[in-house]
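Novice: Predicted model and sequence below, questions to follow.
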Amino acid sequence: MTETERIYDQIKRAYSGEAWHGPSFREVLIGVTAAQAAARPIRNGHSIWEIVSHVSAWTEVVRQRMQGRPTGQPDEGDFPETTDTGEAAWKKTLAALETSHEALLRDVATLDESRLEEPCGGRPISYYIHLHGTVHHYIYHAGQIALLKKL
């Protein structure tokens, strides 16, 4: 297995499952309703919905950087605000997350391993660090969501 294939596998596990650490990002979202996603059980904390939008937006930033675009923060902001909190909007948010994740996997699958140490998207941070950072990002926010669900 190549290093790129191992990174692909880790991104997939952190997002979809069979991760050794516990529930993946997608697994912690199972059964979350729009009302639960929009709730703010910790004053001044982010909602599940905001976290999902944040992860989706930053996954897109990684993709844009991999495509050579020197992207800063997401166009929609670091933690995009939720205005429509209905079930249809929640399903749309989850679909956007899934779409960005699947597109990232496609990009990683075609990434030449020789590029892993190169700067990515005009940043001094390598492809390798961006992609491992995506794994960590999924895991970190999955833990937050797991706690918010318990509240």
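Specialist: Thanks, I have it.
Novice: Which element, helix or strand, includes Ala96?
Specialist: Using DSSP states H and E, Ala96 sits within helix 87-109.
Novice: Pull out the buried positions in the helix or strand encompassing Ile129.
Specialist: When elements are defined using DSSP H and E, Ile129 is found to belong to helix 127-150. For helix 127-150, a neighbour-count test (16 or more other Cβ atoms under 10 Å) marks 127-128, 130-131, 134-135, 137-139, 141-142, 145, 148-149 as buried. From N, CA and C alone the C-beta is placed, and that goes for glycine too.
Novice: thinking again about what came up before, which residues are in contact with the helix holding Ala96?
Specialist: Helix 87-109 has contacts (Cβ atoms under 8 Å, 6 or more residues apart in numbering) with 4, 7-8, 11-12, 15, 26, 29, 33-34, 37-38, 49, 52-53, 55-56, 59-60, 62-63, 66-67, 82, 131, 134.
Novice: Could I have the buried ones of those residues as ChimeraX selection syntax?
Specialist: To isolate the buried members of the contacts of helix 87-109 in ChimeraX, using 16+ other Cβ under 10 Å:
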select :4,7,8,11,12,15,26,29,34,37,38,49,52,53,55,56,59,60,62,63,66,82,131,134
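Novice: if you look at the contacts of helix 87-109, which of them are in helices?
Specialist: 4, 7-8, 11-12, 15, 26, 34, 37-38, 49, 52-53, 55-56, 59-60, 62-63, 66, 131, 134 (DSSP state H).
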